[in-house]
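Peer 1: with the sequence up front, the predicted model follows.
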Amino acid sequence: MEAPFALAEEEAAPRFRQRLSTLGARFARAALDTLFPPVCLACPAATGQPDALCAQCWGRMRFIERPYCERLGTPFEQDLGPGLISPQAMADPPVYARARAVARFEDGPARRLVHRLKYSDRGELAKPLGRWMARAGAEILAEADALTPVPLHPLRLWKRRFNQAAALAHVVAREAGKPCEPFLLARVKATRSQVGLSRAQRAENMQGAFRAPPEAPLKGRRIVLIDDVLTSGATANAAARALLRGGAAQVDLIVFARVVTGA
Ligand SMILES: [Zn+2]
């Protein structure tokens, strides 16, 4: 007697769920929101809507807005006119053409958002963060031919099961209406952690870490690299160099958060 009953219940469940999703999706959503009100992306505070920051976290976000260096995307204290390049970009020009970031990494909730995206089970964070990135990089995206994430080494991807840069790249691409092509770049060297390394050591550590596969369609195309964080720029420079060697006409970079030094 037990088995047929269990079977019937198993059959009924998907049908019930389907009906819920077609007829009562909005009601179910409202009921869920009452039971589990949406919380802030960065802290446990309740928010009026899902995928948002609470008022306090919003106020503490250090959004990067113009005026900024046209190449590095680092904010200027004063507006000295359009098209300006920072002394830092002139002294030590990056391999990529332009970088844009949503917010400063070093203070405010940006660091926590990045950490949550990377290590906790919050893949859904890619959606709101990616939308912000699409806005911050709108000019770059308008001229882009394709987007590609900074790849993880296969071993690390297998261990972590999630490449946060790839998750972000898919969202940004969808928002911008441009193709996301994750196989333009391969990570061929398992690099050690960059934490605690000097700028020069980081660059050395990343040397030869990426390669564009010979079959990657790069010739003459403008590629946008996507990553979660930009710190010393060693990773982004190594990835951009590999894309340019593979034939890309231009490589730009969009990240969620960046470290701002000497600005
Ligand atoms: Zn909050």
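Peer 2: Good, I have the coordinates.

Peer 1: what does the stretch 1-150 of the chain put close to the ion?
Peer 2: 40, 42, 43, 45, 54, 57 (C-beta under 5 Å from the ion). C-beta here means a position set from N, CA and C on the backbone, and glycine is covered the same way.

Peer 1: which residues touch the third one?
Peer 2: Contact analysis of residue 43 by C-beta atoms under 8 Å, 6 or more residues apart in numbering lists 54, 56, 57, 109, 112.

Peer 1: next up, the contacts around the last one.
Peer 2: What it means is residue 112. Counted by C-beta under 8 Å, 6+ apart, residue 112 has contacts 42, 43.

Peer 1: tell me the secondary structure of it, please.
Peer 2: helix (DSSP: H, G, I helix; E, B strand; the rest coil).

Peer 1: pLDDT score for it?
Peer 2: On pLDDT, residue 112 comes in at 94.

Peer 1: shaky segments in this structure?
Peer 2: For the chain, applying pLDDT under 70 flags the ranges 1-24, 27-35, 120-122, 262-263.

Peer 1: how far away is residue 51 from residue 112?
Peer 2: Counting by C-beta to C-beta, to the nearest Å, the gap from residue 51 to residue 112 is 16 Å.

Peer 1: got it, and residue 88?
Peer 2: Counting by C-beta to C-beta, the gap from residue 88 to residue 112 is 27 Å.

Peer 1: run through the residues that contact the residue nearest to residue 128 when sequence neighbours are not counted.
Peer 2: Spatial nearest neighbour of residue 128, excluding adjacent residues (C-beta to C-beta, 6 or more residues apart in numbering): residue 51 at 4.3 Å. By C-beta under 8 Å, 6+ apart, the residues touching residue 51 are 38, 41, 124, 127, 128.

Peer 1: hmm, residue 172 and the fourth one touching each other?
Peer 2: So that's residue 127. No - if you go by C-beta atoms under 8 Å, residue 127 and residue 172 don't touch, sitting 10.4 Å apart.

Peer 1: more neighbours: which of the two?
Peer 2: residue 172 (29 against 16; other C-beta atoms under 10 Å).

Peer 1: okay but that one is in contact with residue 256, surely?
Peer 2: No - the pair residue 172 / residue 256 is not scored as a contact, 9.7 Å apart, by C-beta under 8 Å.

Peer 1: the closest residue to residue 226 other than its chain neighbours: which element?
Peer 2: Nearest residue to residue 226 in three dimensions, chain neighbours excluded: residue 169, at 3.9 Å (C-beta to C-beta, 6+ apart). Residue 169 is part of helix 164-176 when elements are defined by DSSP states H and E.

Peer 1: same for that helix, what does it pack against?
Peer 2: helix 110-119, helix 126-136, helix 138-143, strand 146-149, strand 222-230 (3 or more C-beta pairs under 8 Å, 6 or more residues apart in numbering; DSSP states H and E).

Peer 1: give me the contact list for the third one.
Peer 2: Counting by C-beta under 8 Å, 6+ apart, helix 138-143 makes contact with 98, 100, 134, 147, 172, 176, 178, 222, 224, 252, 254, all of which sit outside it.

Peer 1: please indicate which of the contacts of residue 51 are buried?
Peer 2: With burial judged by 16 or more other C-beta atoms under 10 Å, the buried subset of the contacts of residue 51 is 41, 127, 128.

Peer 1: looking at those residues, which one is closest to residue 74?
Peer 2: Closest approach between the buried ones among the contacts of residue 51 and residue 74, by C-beta to C-beta: residue 128, at 23.6 Å.

Peer 1: can I assume that closest one is in contact with residue 52?
Peer 2: Yes - applying C-beta under 8 Å as the test, residue 128 and residue 52 come out as touching, 7.3 Å apart.

Peer 1: now do the shared contacts for those two.
Peer 2: residue 41.
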